[in-house]
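1. What follows is a predicted structure for the sequence shown.
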Amino acid sequence: MPGVDVAYLVSHGFAARMVLHSTLVQEATARGLSVAVIAPVGDDPGLERLAKSVGAVLERGPDLARRGALAGELRPYLFEDVRRNPALWAKHLRAAADPRTRWRAKLRLALNGLVRNTPGLLGRVDALDRALVRSAEARALLRRLSPRLVVATYPVHPMEAAMLVAARDLGLRTVGHLLSWDNLTTKGRFTVLPDDWIAWGPVMAAELKGLYGVAPERIREVGVPHFDAHVGAATPDRRTALLRRLGLDPARPYVLFGMSAPYFCPTEIDIVEWLAARIAEGRFGADLQLVVRPHPQNVTGNLADLSWLPRIDALRGPRVAVDLPTMEPGGLSWSLDPADLPHMATLVGGAVATLNSGSTLAIDALVHDRPVILTPFDTVDDLPWWKSARRIASYPHLVGLIRTGGVRVTRSLDELGRALDTVLANPDDDVAGRRAARHAELFAVDGRAAARAAEALRALMDAS
């Protein structure tokens, strides 16, 4: 086949949402760029249909399942100060508390100290890290595609690391276009640092400069392509149709609770049940309704707890609805049906307030200037920090968001009740903070993020 201009590495369902559920590929095509999507080996016909529908070529990257040891649990101990990163330290403490993994955790922490305190050792480990994902298959694929740009969305994935190493070996220009706001601060060091970056906004740009020393001229802030779907989504007609499908009254207001995986918030189901009961009994007024939207991680994947599902289903009532995400079967983790994006945009935009423990739903809500209440707390007192929802508020990406003043943080059910009272009575109380947070995280929300990303790709290709 003839060469392509841009090869996007898509190893995660949320990356598929950014690249394929948005208009990014169409915007790139309009600027004369041909796009290939390289995904892990897997049987996911939905991804193939989706790529074809937007005009992208789908290819399969190398299978590194047998060579991904350093790309998994061990890598952070080799390249990070694990004790100083709350997200990585919580994972370590969880492993150290489990009799099945305790000794491995202790050995890894000892290795962490050895690598960090032995001059010259880090460089040799870095070379080994690249060697373990160096792939003749990846080089052959890039030679066949001959892309001008190789764009990574989740560089910690073994397949993406292998493609970046191959691109570097072949002298191809590489670009980072991350799928989520927490990737730089919670996922560990990247095997290969891309040459250039397409960032969400000022916060991500500052993290690139601070953590990796990326020069400002190598970063282009564009916004978030799939958040373009939020602009103009929550029309009265769409909101009315959605609420009727959920069995709620379109004439009455509702709040939206976006759940997280039990791994992050082990007692969140208790919080949701408490809120559903209070709304059903009229604690927050005679008209208020509740929509509970589980995260994809609640219902599928290795972080799910299926014992929650009957409790979630039992929440349904005259004033409480459950909106399950529409999943796309296939090989990518937490891959969503394309129709779920405009559906969620309407759901978020129509809410009078949103609640979540610290997920990306907080950013979705800021797009619509909806009040955000965070719930990083437990309903019991004896959970260790590494298991408690409290730890989430110490993760760097959440710390930065909280500092903007654009979200309210609650630490108990009583605080949650009072915060909801406040935002229902005065939804504009946090408006200045919300708008500051929106700019910091997203640069601009005007429906043109996909166009700006495509323009950045065009400029980078022309300069290569």
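-> Everything's here; your move.

2. which residues touch stretch 438-455?
-> Contacts to stretch 438-455, defined as CB atoms under 8 Å, 6 or more residues apart in numbering, come from residues 22-24, 26-28, 30-31, 33, 177, 181, 198-204, 220-225, 227-228, 230-232, 363, 366-367, 369, 400-401, 404, 406. To be clear about C-beta, it is placed using only N, CA and C from the backbone, and glycine gets the same treatment.

3. and if you look at stretch 125-145?
-> Against stretch 125-145 from outside (CB under 8 Å, 6+ apart): 1, 3-4, 7, 36, 38, 59, 61-64, 67-71, 75, 78-79, 115, 150, 158, 161-163, 165-167, 169-170, 172, 191-192.

4. repeat for stretch 241-257
-> 239-240, 272, 275, 279, 287-293, 316, 318-319, 321, 323, 343, 346-348, 350-356, 361, 365, 420.

5. Put the buried members of those residues into a PyMOL selection.
-> To isolate the buried ones among the contacts of stretch 241-257 in PyMOL, judged by 16 or more other CB atoms under 10 Å, type:
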select buried, resi 239+272+275+279+288+289+290+291+292+293+319+321+323+343+346+347+348+350+351+352+353+354+355+356+361+365+420
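
6. Out of the contacts of stretch 241-257, which sit inside strands?
-> Gln289, Leu290, Val291, Val292, Arg293, Ala321, Ala353, Thr354, Leu355, Asn356 (DSSP state E).

7. Any regions of the stretch 351-464 of the chain where pLDDT drops low?
-> For the stretch 351-464 of the chain, not a single residue meets the criterion pLDDT under 70.

8. if we go to 90?
-> Scanning the stretch 351-464 of the chain for pLDDT under 90 picks out 429-430, 463-464.

9. Do a quick rundown of the strands in it.
-> Listed in chain order, the strands of the stretch 351-464 of the chain (DSSP state E, counting those that start in this stretch) span 353-356, 372-374, 408-409.

10. Please dump those into CSV; it should also carry distance to Asp446 for every row.
-> As requested, those are arranged in CSV below (distance: least, CB to CB, whole Å):
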stretch, distance to Asp446
strand 353-356, 21
strand 372-374, 20
strand 408-409, 26
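
11. out of those strands, nearest to Leu309?
-> Closest approach to Leu309 among these is made by strand 353-356 (18.8 Å; CB to CB).

12. Tell me the helices and strands packed up against that closest one.
-> Counting contacts by 3 or more CB pairs under 8 Å, 6 or more residues apart in numbering; DSSP states H and E, the secondary-structure elements packed against strand 353-356 are strand 254-258, helix 361-367, strand 372-374, helix 413-425.

13. Work out the gap between the second one and the centre of the chain.
-> Relative to its parent chain, helix 361-367 has a centroid offset of 12 Å by CA atoms, centre = their mean, to the nearest Å.

14. now swap in the third one and tell me
-> In terms of CA atoms, centre = their mean, the centre of strand 372-374 is found 17 Å from the chain centre.

15. doesn't Arg220 fall inside a helix?
-> No - under the criterion used here (DSSP: H, G, I helix; E, B strand; the rest coil), Arg220 is strand, not part of a helix.

16. Quick one: neighbours of it, just the number.
-> Residues within reach of Arg220, counting by other CB atoms under 10 Å, total 20.

17. ok, now the one 5 residues further on?
-> As a burial measure, Pro225 scores 27 neighbours (other CB under 10 Å).

18. wait, it sits on Met18?
-> Yes - between Pro225 and Met18 there is a contact at 5.6 Å, judged by CB atoms under 8 Å.

19. Residues that sit against both of the two, list them.
-> Counting by CB under 8 Å, 6+ apart, the common neighbours of Pro225 and Met18 are Leu24.

20. Which residue would you name as the spatial centre of this protein?
-> Ser180 (3.6 Å; CA atoms, centre = their mean).

21. State the helix or strand in which the closest residue to that residue other than its chain neighbours lies.
-> In space, and not counting its chain neighbours, Ser180 is closest to Phe14: 6.0 Å by CB to CB, 6 or more residues apart in numbering. Applying DSSP states H and E as the criterion places Phe14 in helix 13-20.

22. That helix packs against which elements?
-> Secondary structure elements in contact with helix 13-20, counted by 3+ CB pairs under 8 Å, 6+ apart, are strand 35-39, helix 45-54.

23. Lowest average confidence across those, which one?
-> Set side by side, the helices and strands packed on helix 13-20 show their lowest mean pLDDT on helix 45-54, which sits at a mean of 88.

24. The helix or strand following that helix - which strands sit beside it in the sheet, and in what orientation?
-> Along the chain past helix 45-54, the next helix or strand (assigned with DSSP H and E) turns out to be strand 57-60. Partners of strand 57-60 in the sheet, by DSSP bridges, are strand 35-39 (parallel).

25. how big is the angle separating the strand it pairs with from helix 13-20?
-> Using axes from the mean of the first three to the mean of the last three CA atoms, to 10 degrees, the direction of strand 35-39 lies 170 degrees away from that of helix 13-20.

26. And Val133, how far from Thr191?
-> Separation of Val133 from Thr191 (CB to CB, to the nearest Å) stands at 6 Å.

27. just Ile392 next, same as before
-> Taking CB to CB, one finds Ile392 at 27 Å from Thr191.

28. re the thing from before, sitting in helices, which of the contacts of stretch 125-145 do you find?
-> When the contacts of stretch 125-145 are checked against helices (DSSP state H), the matches are Arg75, Leu78, Phe79, Val115, Pro158, Ala161, Ala162, Met163, Val165, Ala166, Ala167, Asp169.

29. and which of those residues is nearest Glu48?
-> Among the ones in helices among the contacts of stretch 125-145, Met163 lies closest to Glu48 (CB to CB), at 18.9 Å.

30. quick one: contacts for that closest one?
-> Ala7, Leu9, Ile38, Gly61, Pro62, Ala138, Leu141, Leu142, Val150, Ala152.

31. thought the fifth one was touching Ala161?
-> By that I understand Pro62. No - judged on CB under 8 Å, Pro62 makes no contact with Ala161 at a distance of 10.3 Å.

32. Neighbour count for the two, which is higher?
-> Per other CB under 10 Å, whichever of Pro62 and Ala161 has more neighbours is Ala161, with 30 against 23.

33. For the closest residue to the more buried one other than its chain neighbours, give its distance to Leu111.
-> Nearest residue to Ala161 in three dimensions, chain neighbours excluded: Thr191, at 4.1 Å (CB to CB, 6+ apart). Shown here: Thr191 relative to Leu111, a distance of 18 Å by CB to CB.
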